[in-house]
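Based on what follows, work out the 3D shape:
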Amino acid sequence: MSYCRWSSMDWTCDLYCYEDVAGGWTTHVAGRRRVGDIPSDRVNDFCEGKISGEEFMRLHQEQMRVLETLPLVDIELPHAGETFSDPSLEDFRERLVGLRSLGYRFPDHVFESIDEEIAEAVKSGEAKNQA
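Next comes the predicted model:
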């Protein structure tokens, strides 16, 4: 399961984060990002039945056409293009807090998901920093 991908936030996400099958949590940091306005394909509206499959496909195709025209520019922040592996959810969360403070873009719901998982781990006695 990924927490976010490059395609998150209509292709404006700077991170690709997931729990790694080899253990730990992996964060890939983009080295470049697109510049310009990217139209939404409204995937969430489609998943919630608010727009039809045909409308979603039209919006998605438009989004892909626009993405092909937008230039990629180097991200000039520390850690651009790097990959990190964190051994625990707490360390993973701390890493993301640091990346967010540097200016990297990713969905807020990533923190919500991590916090829910940490709370569940504490409840089941598996958390790294349990008392």
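
moving C-terminal of the worst-scoring helix or strand of the chain on mean pLDDT, what's the next helix or strand?
Least confident element among the helices and strands of the chain, by mean pLDDT, DSSP states H and E: helix 43-47 (a mean of 93). Later in the chain than helix 43-47, the nearest helix or strand by DSSP states H and E is helix 53-69.

buried ones in that following helix?
56, 59, 60, 63, 66 (16 or more other Cβ atoms under 10 Å). Placement of C-beta: from N, CA and C, glycine included.

Show me what that helix is in contact with.
10-11, 34, 36-43, 45-46, 51 (Cβ atoms under 8 Å, 6 or more residues apart in numbering).

and what of stretch 74-89?
Against stretch 74-89 from outside (Cβ under 8 Å, 6+ apart): 14, 20, 23-33, 92, 94-95, 99, 102-104, 114, 117-118, 121, 127-128.

Could you tell me the end-to-end distance of it?
Counting by Cα to Cα, to the nearest Å, you get 29 Å between the two ends of stretch 74-89.

Likewise for stretch 69-79?
26 Å.

shaky segments in the chain?
127-131 (pLDDT under 70).

May I see the domains of it written out as residue ranges?
Annotated domains of the chain cover 1-35+76-131, 36-70 [automatic domain parsing].

looking at those, which is buried most?
domain 1-35+76-131 (a mean of 15; mean count of other Cβ atoms under 10 Å).

now the strands: where do they sit in this structure?
Using DSSP state E, the strands of the chain run over 2-4, 15-19, 25-29, 32-34, 72-74, 83-86.

In TSV: those strands, plus distance to residue 109.
What follows is the strands of the chain, written out as TSV (distance: least, Cβ to Cβ, whole Å):
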stretch	distance to residue 109
strand 2-4	8
strand 15-19	12
strand 25-29	16
strand 32-34	20
strand 72-74	25
strand 83-86	19
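
sorry, back to before: can you spell out which helices and strands pack onto the least confident helix or strand of the chain?
helix 53-69 (3 or more Cβ pairs under 8 Å, 6 or more residues apart in numbering; DSSP states H and E).

on that earlier part again, now intersect the contacts of stretch 74-89 with the helices, please.
92, 94, 95, 99, 102, 114, 117, 118, 121 (DSSP state H).
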